[in-house]
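Q: Generate a structure from the sequence data that follows.
(chains A and B)
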Number of protein chains: 2
Amino acid sequence: MRPFEIGQRSDIGQRSETVRRANLSMIVRELHIRGPLSRSELVALTGLTRSAIRSLIGEFVDAGLATEERAVLQGTPGRPSTLVRLNPDSAVVVALEIAVDSLAAAEVGLGGEVLDLVRVDRPRGHSSVDEIVRDLADLVAGLRAHRPPDEPLIGVGVAIVGVVRRSDGFVSMAPNLGWRDVPLDARLAAALGTTLPIAVANDADLGALAEFRRGAAMGAGDVLFIQGEVGVGGGLIVGGKPLTGAAGYGGEVGHIPVNQNGEACRCGSVGCWETEVGEGALLLRAGHPPGGGRSEVAAVLREAETGSPAALCALDHVGHWLGFGLAGLVNVFNPELVVLGGLFGRIHPFVKRTMEGELDRRALPASRRMIHVVPATLGVDAPLLGAAELAFDPLLEDPAIWLRPRAAFADLATA
Amino acid sequence: MRPFEIGQRSDIGQRSETVRRANLSMIVRELHIRGPLSRSELVALTGLTRSAIRSLIGEFVDAGLATEERAVLQGTPGRPSTLVRLNPDSAVVVALEIAVDSLAAAEVGLGGEVLDLVRVDRPRGHSSVDEIVRDLADLVAGLRAHRPPDEPLIGVGVAIVGVVRRSDGFVSMAPNLGWRDVPLDARLAAALGTTLPIAVANDADLGALAEFRRGAAMGAGDVLFIQGEVGVGGGLIVGGKPLTGAAGYGGEVGHIPVNQNGEACRCGSVGCWETEVGEGALLLRAGHPPGGGRSEVAAVLREAETGSPAALCALDHVGHWLGFGLAGLVNVFNPELVVLGGLFGRIHPFVKRTMEGELDRRALPASRRMIHVVPATLGVDAPLLGAAELAFDPLLEDPAIWLRPRAAFADLATA
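A: Alright, predicted model coming up:
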């Protein structure tokens, strides 16, 4: 009796199927992030042979996920290469964002094309879960009304200004909204009337993901993204992968203690980084109402341009503490790039000198020498675009399961 | 003409060779870290089929890297399973450590068996590179004199109390030794008279690696290791992988700024974490000479046991600042485990309460709830054992290249 013969054969089968799926994943990831590519470019990027690329691309084309088209010859010698392009209408995600000042919803197609996007202001302060979930469902219904009813929707991604457990979208804490322990994915599934997978994550984590895939940090391997508004959030890319922590709570840079004699923080602690560099700290020191939002920040920057000592002093304070906190993160993470989003991107020209000086003083020379601090490039929509990326992740991870008919996924309520 | 036919065939060949090597790597990694395992255990741990395991183990046995032996039947029903055991003499690394108070050298066999180890005190303070490299070469010569001359040495790993570029073992800064910009790998290669690969890394990074593979953090995925002596170092495991940062300078937790009104630090900055929690801070506050080392720390702990207010107050200070700094790291990393090494392991019973109280106050509840803070288990040799692991990494990564005769590697000078 040689019972292992069959096992051996099926083992080889199983392994090559694993390899095929990994290769499909590599290709769709490159096309999704970089846009249309020639087969030669895919060979160079993936290390796969030309024949393997051809056969795998064939699978995408057969399933309607990609098209191949002759590229225009641009003065280079040789035959024009065939360009492979993902079809944005072949797999679509719904992205949602719950921010301090606004709610947003978008539909994004495979390859990252924004098919439709709507953002509405919301008053700052606490809101019930019911209210916000209902408002989001209304936004989605509005979007869906303009989109084909049989659109192949594959998932929903949600960015929220709060601390989120990744495994099940459980919002542990969102002090800006007054939320604690909210099973947001389940609440949204009910309100949207969908069985589509819903992935929820922290807004700064998703801002980092978007800047990494499509913004200021494209191609970098170790990135520190910090985003300021009322609160301060962070997202880290470590060795090319988003750091989530053991449960998804990682990246809460706003609550690094930096000043033991500092101000009380909304999290219950004292002297957290965001009490020194958040919007409230800037506005209060500049003599503006601390809950004033983006328009008051703009007013402070105008005053600074005209030389107002109060405004300049407030910006200098924030610049000092930005550098103070960043130095610690740089020493721990040794990133190649620091990306400043939200408030920090807008005030960057005004705080650059003080912040960089503090980095010179406090970051270890070896790590200091190699970092660049740059403003984010995706603007206010970075977390929303990151939510779309989160919703695309299962497809990018294992495209093979999407190469079957996907009618069953198009069940999102069209109200 | 169908030029891709050959490519296609060679592609399949290339892919299955990649898969074979990845599978060999999985198996040798499990055996190296967990010790002898039955084939059934290997099936469960790797997800490979029984027949694939059998064939791959055969390769190790043929190359002399592993042996198979009947396990003793321990009252469980069924036939006794065959145990696969790595042969410690089949691949040996040299591990070196340059610590503040000592130098150490060891030979470690595949599977982690320490074959020989020697540690000698060194006086604190600056030492020339020449001096230390010569002392290490003497230690190695002493070890080699007791070992078989034809031992299959495969590499050298070095732990150093300094900031190290991983790619080439360049020591950017080692303030305890008075070093700056030292090409340590090249200096050691010359002094040891070897062409073996030499990998150099920071001592705390390697302490973390050792605790992760063989100590307090075995099996955990997200770990924060901090190690105190004169300076304070850290090593992070993120998603099961050591965080090195973009160039290998990551993990320098001792230089997180925590107190803007604090003491000057040896790094040139002010108020770094190590100025509040390092050995010097503890000794000075307890009324002992700050450069006194381990014996003075032991004296402080004895005084604390008898209720000395100065000793208790000094420990409380360190406990407070330990919790203060850890809270920030916990909020950023969301680890499941914090491992305290060196000084921090020894003072843990004395600072636990203050430190945990500070964590309660300052770490976000979601992350706080899930962490355990535990002392390290490998003691003073953790960085040295981590250096051995570093030297084994190329073999664990791609065992296939070690399945050939390795006589060429056994060229380390035996003095």
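Q: Dump stretch A:32-45 to PDB, keeping only the CA atoms.
A: Extracted in PDB, the C-alpha atoms of stretch A:32-45 (Å, rounded to 0.1, in the frame of the first residue of the first chain):
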ATOM      1  CA  HIS A  32      -4.400  48.800  -9.800                       C
ATOM      2  CA  ILE A  33      -1.700  51.000  -8.300                       C
ATOM      3  CA  ARG A  34       0.300  52.100 -11.400                       C
ATOM      4  CA  GLY A  35      -2.400  52.200 -14.000                       C
ATOM      5  CA  PRO A  36      -2.100  50.700 -17.500                       C
ATOM      6  CA  LEU A  37       1.100  48.800 -18.200                       C
ATOM      7  CA  SER A  38       2.600  47.100 -21.100                       C
ATOM      8  CA  ARG A  39       3.400  43.400 -20.900                       C
ATOM      9  CA  SER A  40       7.100  44.200 -20.900                       C
ATOM     10  CA  GLU A  41       6.600  46.500 -17.900                       C
ATOM     11  CA  LEU A  42       4.700  43.800 -16.100                       C
ATOM     12  CA  VAL A  43       7.600  41.300 -16.800                       C
ATOM     13  CA  ALA A  44      10.000  43.900 -15.300                       C
ATOM     14  CA  LEU A  45       7.800  44.600 -12.300                       C
END
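Q: Do it and chain B come into contact?
A: No. Judged by Cβ under 8 Å from any Cβ of the partner chain, stretch A:32-45 makes no contact with chain B; its nearest approach is 10.4 Å. Every residue, glycine included, has its C-beta placed from N, CA and C.
Q: Same question for stretch A:367-375.
A: Yes. Stretch A:367-375 lies within reach of chain B by Cβ under 8 Å from any Cβ, at A:Ser367, A:Met370.
Q: From the rest of the structure, what touches that stretch?
A: Residues from elsewhere that reach stretch A:367-375, judged by Cβ atoms under 8 Å, 6 or more residues apart in numbering or on different chains: A:216, A:326, A:330-331, A:334-341, A:344-345, A:348, A:352, A:355-356, A:359-360, A:363, B:163, B:245-247, B:249-250, B:252.
Q: List buried residues within the residues you listed.
A: Using 16 or more other Cβ atoms under 10 Å in any protein chain shown as the burial test, the contacts of stretch A:367-375 include A:216, A:326, A:330-331, A:334-341, A:344-345, A:348, A:352, A:355-356, A:359, A:363, B:163, B:245-247, B:249-250, B:252 as buried.
Q: Cross those against strands and list the overlap.
A: Under the assignment DSSP state E, the buried ones among the contacts of stretch A:367-375 contribute A:Leu337, A:Val338, A:Val339, A:Leu340, A:Gly341, B:Val163 to strands.
Q: Tell me which two in these are the farthest apart.
A: With distances taken as Cβ to Cβ, the most widely separated pair in these is A:Gly341 and B:Val163, at 28.8 Å.
Q: Quick one: low-confidence residue ranges for chain A.
A: A:1-15, A:71-80, A:404-415 (pLDDT under 70).
Q: all helices in it, in order from the N-terminus.
A: Secondary structure of chain A (DSSP state H): helices located at A:4-34, A:39-46, A:50-62, A:129-145, A:184-192, A:203-214, A:273-277, A:279-285, A:293-305, A:309-333, A:343-362, A:365-370, A:382-397.
Q: would you list these in CSV and tack on distance to B:Val223?
A: Converted to CSV, the helices of chain A look like this (distance: least, Cβ to Cβ, whole Å):
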stretch, distance to B:Val223
helix A:4-34, 28
helix A:39-46, 33
helix A:50-62, 38
helix A:129-145, 34
helix A:184-192, 28
helix A:203-214, 20
helix A:273-277, 23
helix A:279-285, 33
helix A:293-305, 39
helix A:309-333, 14
helix A:343-362, 26
helix A:365-370, 21
helix A:382-397, 25
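Q: And those helices: which comes nearest B:Pro149?
A: Between B:Pro149 and the helices of chain A, the tightest spacing by Cβ to Cβ is seen for helix A:365-370, at 39.3 Å.
Q: List the contacts of the residue of the stretch 151-300 of chain A found nearest chain B.
A: The stretch 151-300 of chain A approaches chain B most closely through A:Gly245 (2.4 Å), counting by Cβ to the nearest Cβ. The contact partners of A:Gly245, taken as Cβ under 8 Å, 6+ apart, are A:Gly251, B:Asp222, B:Phe333, B:Asn334, B:Pro335, B:Ser367.
Q: And for it, nearest residue in space, chain neighbours not counted?
A: Counting by Cβ to Cβ, 6 or more residues apart in numbering or on different chains, B:Asn334 is the residue found nearest to A:Gly245 once chain neighbours are left out, at 2.4 Å.
Q: how near is the spatially closest residue to A:Gly292 that is not a sequence neighbour to A:Trp273?
A: Nearest in space to A:Gly292, with sequence neighbours left out and distances taken as Cβ to Cβ, 6+ apart, is A:Leu283 at 5.4 Å. Applying Cβ to Cβ, to the nearest Å, the value for A:Leu283 to A:Trp273 is 17 Å.
Q: who's more crowded, the two?
A: A:Trp273 (31 against 20; other Cβ atoms under 10 Å in any protein chain shown).
Q: was I right about the more buried one contacting A:Glu263?
A: No. At 11.2 Å, A:Trp273 does not count as touching A:Glu263 under the criterion of Cβ atoms under 8 Å.
Q: and the residue lying closest to A:Arg361 once chain neighbours are set aside, how many residues sit next to it?
A: Excluding the flanking residues, the one nearest A:Arg361 by Cβ to Cβ, 6+ apart is B:Ser269, at 5.9 Å. B:Ser269 has 20 neighbours, counted by other Cβ under 10 Å.
Q: pretty sure the residue nearest to A:Gly245 contacts A:Gly250?
A: Yes. Here B:Asn334 reaches A:Gly250: they are 3.9 Å apart, a contact under Cβ under 8 Å.
Q: shared neighbours, those two?
A: In contact with both B:Asn334 and A:Gly250: A:Thr244, B:Ser367, using Cβ under 8 Å, 6+ apart.
Q: Identify the bridge partners of the spatially closest residue to A:Leu243 that is not a sequence neighbour.
A: Excluding its sequence neighbours, the residue lying closest to A:Leu243 (Cβ to Cβ, 6+ apart) is A:Leu236, at 4.1 Å. For A:Leu236, the beta-bridge partners under DSSP bridges are A:Leu224.
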